[in-house]
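Participant: this one's structure only:
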């Protein structure tokens, strides 16, 4: 939609319901990014475990920036105005099964720096409490060297430019 508002689309490229998401690549003052460790044995991810960014689904009538701000607050306790999410820096899409539901995901990624806050999971919804096994701040080198499954794929290649303040003018396709 022209105003950035996303709604659930009836069917994706493979006939599945579409889930639009707003996700945040969140960096701290030490050039590390926050990733959650998800464990979902019903997922399509090999081994059922992966590390992923904060963020989630766009509610009906909500813009991508509004969803990013809401999701960041719910998942980390960090309150940031929606206006801070003014540039999508990466996108990807594909089929995924999350919490037992198979959908076509359209993921939109924002980059944000935040210094000096303590993660507060008190806003987690039931699905997050059931599927997030932990969290960790990752340095770029650790991310590049890991064998763990990271979402979005390609984050390790994108991260050095983001941390250096070189944000892409247009969203980069990752994964």
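Facilitator: Alright, I've got the coordinates. Bear in mind the structure is a predicted one, so any value in this text is a computation, not a measurement.
Participant: Can you name the helix or strand that the residue nearest to the spatial centre of the chain falls in?
Facilitator: Among the residues of the chain, the one closest to the centroid is residue 23, at 3.0 Å (C-alpha atoms, centre = their mean). Using DSSP states H and E, the secondary-structure element containing residue 23 is strand 18-27.
Participant: Nearest residue to the residue nearest to the centre of the chain in space, please, no chain neighbours.
Facilitator: For residue 23, the nearest residue in space outside its immediate sequence neighbours is residue 55; the separation is 3.1 Å by C-beta to C-beta, 6 or more residues apart in numbering. Backbone N, C-alpha and C define where each C-beta goes, glycine included.
Participant: The lengthiest strand in the chain: partners in the sheet, and parallel or antiparallel?
Facilitator: In the chain, taking DSSP state E as the definition, the longest strand is strand 101-113. In its sheet, strand 101-113 lies beside strand 18-27 (parallel), strand 90-98 (antiparallel), with partners assigned from DSSP bridges.
Participant: Counting neighbours, which bits of the shortest one end up buried?
Facilitator: The reference is to strand 90-98. By 16 or more other C-beta atoms under 10 Å, the buried positions in strand 90-98 come out as 90, 91, 92, 93, 96, 98.
Participant: between the strands paired with strand 101-113, which one is nearest to residue 114?
Facilitator: Closest to residue 114 of the strands paired with strand 101-113 is strand 18-27 (C-beta to C-beta; 6.1 Å).
Participant: So which residues of this structure form helices?
Facilitator: With DSSP state H applied, the chain shows helices at 64-76, 126-131, 140-145, 155-163, listed in chain order.
Participant: Would you mind pulling up the elements that the third one packs against?
Facilitator: In other words, helix 140-145. Packed against helix 140-145, as judged by 3 or more C-beta pairs under 8 Å, 6 or more residues apart in numbering; DSSP states H and E, are the following elements: helix 155-163.
Participant: The first one now?
Facilitator: Contacts defined by 3+ C-beta pairs under 8 Å, 6+ apart place helix 64-76 against strand 18-27, strand 55-57, strand 101-113.
Participant: Residue 124 is in contact with residue 130, isn't it?
Facilitator: No. Shown here, residue 124 and residue 130 do not form a contact pair, counting by C-beta atoms under 8 Å, at 9.3 Å.
Participant: In terms of neighbours, single out the busier of those two.
Facilitator: Taking other C-beta atoms under 10 Å, residue 124 and residue 130 do not tie; residue 124 has more neighbours (17 against 12).
Participant: Alright, calling it a day.
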